[in-house]
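>>> Task: produce atomic coordinates for the following.
(2 chains, ligands or ions: 2)
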There are 2 protein chains.
Amino acid sequence: MSKRIAGPEIERLIQLLAKVPGLGPRSARRAALHLIKKKEQLLSPLAAAMSEAADKVRICSTCGNVDTADPCMICTDPRRDAGTIIVVEDVSDLWALERAAAMNVRYHVLGGTLSPLDGIGPDQLNIRSLIDRVAGGEVKEIILAVNATVEGQTTAHYLTDQLSGFDIKVTRLAHGVPVGGELDYLDEGTLAAALRSRTAF
Amino acid sequence: MSKRIAGPEIERLIQLLAKVPGLGPRSARRAALHLIKKKEQLLSPLAAAMSEAADKVRICSTCGNVDTADPCMICTDPRRDAGTIIVVEDVSDLWALERAAAMNVRYHVLGGTLSPLDGIGPDQLNIRSLIDRVAGGEVKEIILAVNATVEGQTTAHYLTDQLSGFDIKVTRLAHGVPVGGELDYLDEGTLAAALRSRTAF
Ligand SMILES: [Zn+2]
Ligand SMILES: [Zn+2]
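Ligands and ions are numbered 1, 2, ... in the order given. You can find the predicted model right below:
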């Protein structure tokens, strides 16, 4: 608020809420007011849930996922195929793939992409631990599900190189037209890739 | 998440975040992940700020505002004109008017509008306390800053009736074209009101 119209506790709540992705300064005020009004049903439970998450969340030392257990639920789930690892840049990608529920496999979270100009080399990413998992011998296929950006593709090439000494398949996500996507709105690279990878109708 | 891929603490955090206005299920996941990654800088401080707000927030027994003090900062601010009270439906309206910083006065928060069909009569709103403030004798003007909705206007008429026995001015916000608003997009009622209340150029 430009002018101080409420105690510092409320202003601090608004300031911190404004840093949550999806909320700006304006919606942070609206959110704060809603939370205050729903003190018992929402504000107190959310405070407790945040405090508990802050206490318990760990980075999985096997795959780099976030969870409240280490190793994470995915790494210890016996119903998942330990022979296939999907490599992603970020935990958000892991969550997105799990929502698609496409494959019952394991993951490896790199924690970013190679970006020499930003000082991010192989040692800044979870690459050593990926090689170690592959060297363990159980892995049959690595699916590189990195973003279709220059950095993502650079990282994919680097990983392919590093993994070339192992007797495993290294694959990547298919390029193509998004389901429901309109051709008009797609860039030429995607269209060209979709044409090259066309399938029988 | 459709499938359980993380400990219950993380899923609970996502569920509660999805109830915050401005965040849906998708942005709640993104927000949760961001909070978890920024544990020290954001998640823990926000948990503490929420817990403190939940502890300290009160409804001002004079005006119905929310604050960490009762009476609130606005009611106890000696630099504000106690002779003018702006009546609003909700604390969010009070905050909006304060951001506009238009007047250095006091407020009264009704907590809603009259809505007989929803069982909201005068006793369900902070109307008695408004009459009591006016009866105190210090008030010279009541500005009815209720929404320009049917319920808002019904409430304004009811309040005008209730206040007619006192020697005070009862005013309302001017109708007109929003600053920066395009005439094309305005409803006819607003345009008609703006024409009627036209001012010299
Ligand atoms: Zn794991
Ligand atoms: Zn007050």
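
>>> Show me what secondary structure element comes after whichever strand in chain A runs longest.
Secondary structure of chain A per DSSP state E: the longest strand is strand A:81-88. Using DSSP states H and E, the helix or strand that follows strand A:81-88 in sequence is helix A:91-100.

>>> need the next SSE after that following helix, C-terminal direction.
strand A:105-109.

>>> Report the next helix or strand after that following strand in sequence order.
helix A:128-135.

>>> and that next one, what does it pack onto?
On a contact count with 3 or more C-beta pairs under 8 Å, 6 or more residues apart in numbering or on different chains; DSSP states H and E, helix A:128-135 meets strand A:81-88, strand A:105-109, helix A:150-163. Where you see a C-beta, it was placed from the backbone N, CA and C, and this is true even at glycine.

>>> so which of those is the most packed in?
strand A:105-109 (a mean of 24; mean count of other C-beta atoms under 10 Å in any protein chain shown).

>>> ok and that one relative to helix A:128-135, angle-wise?
Here strand A:105-109 runs at an angle of 150 degrees relative to helix A:128-135 (axes from the mean of the first three to the mean of the last three C-alpha atoms, to 10 degrees).

>>> So for the helix or strand containing A:I74, mean pLDDT?
Here A:I74 is covered by helix A:73-76, with elements defined by DSSP H and E. The average pLDDT within helix A:73-76 is 95.

>>> same deal with stretch A:169-181?
The average pLDDT for stretch A:169-181 rounds to 82.

>>> Stretch A:87-101 too?
88.

>>> Flag every buried residue along that stretch.
For stretch A:87-101, a neighbour-count test (16 or more other C-beta atoms under 10 Å in any protein chain shown) marks A:V87, A:V88, A:E89, A:D90, A:V91, A:S92, A:D93, A:L94, A:W95, A:L97, A:E98 as buried.

>>> what do you get for stretch A:67-76?
Buried-residue list, stretch A:67-76, by 16+ other C-beta under 10 Å: A:D67, A:T68, A:D70, A:C72, A:M73, A:I74, A:C75.

>>> which non-adjacent residue is nearest the third one?
Translated: A:D70. A:R58 (4.4 Å; C-beta to C-beta, 6 or more residues apart in numbering or on different chains).

>>> what does stretch A:158-174 contact?
For stretch A:158-174, the surrounding residues in contact (C-beta atoms under 8 Å, 6 or more residues apart in numbering or on different chains) are A:87, A:114, A:122, A:127, A:130-131, A:134-135, A:139-146, A:156, A:197.

>>> Report the buried members of those.
Buried among those by 16+ other C-beta under 10 Å: A:V87, A:L114, A:I127, A:L130, A:V134, A:V139, A:I142, A:I143, A:L144, A:A145, A:V146, A:A156.

>>> can you tell me which of the buried residues of stretch A:67-76 lies nearest to chain B?
A:T68 (3.2 Å; C-beta to the nearest C-beta).

>>> Could you measure from the closest one over to A:R58?
7 Å (C-beta to C-beta, to the nearest Å).

>>> again, but for A:D184
Distance from A:D184 to A:R58, by C-beta to C-beta: 45 Å.

>>> of these two, who's got more company?
A:R58 (15 against 5; other C-beta atoms under 10 Å in any protein chain shown).

>>> Beta-bridge partners for that one, please?
A:D67 (DSSP bridges).

>>> What are the neighbouring residues in contact with it?
A:V66, A:D67, A:T68, A:A69, A:D70.

>>> What is the nearest of those to B:P8?
Closest to B:P8 out of those is A:T68 (7.7 Å), distances taken as C-beta to C-beta.
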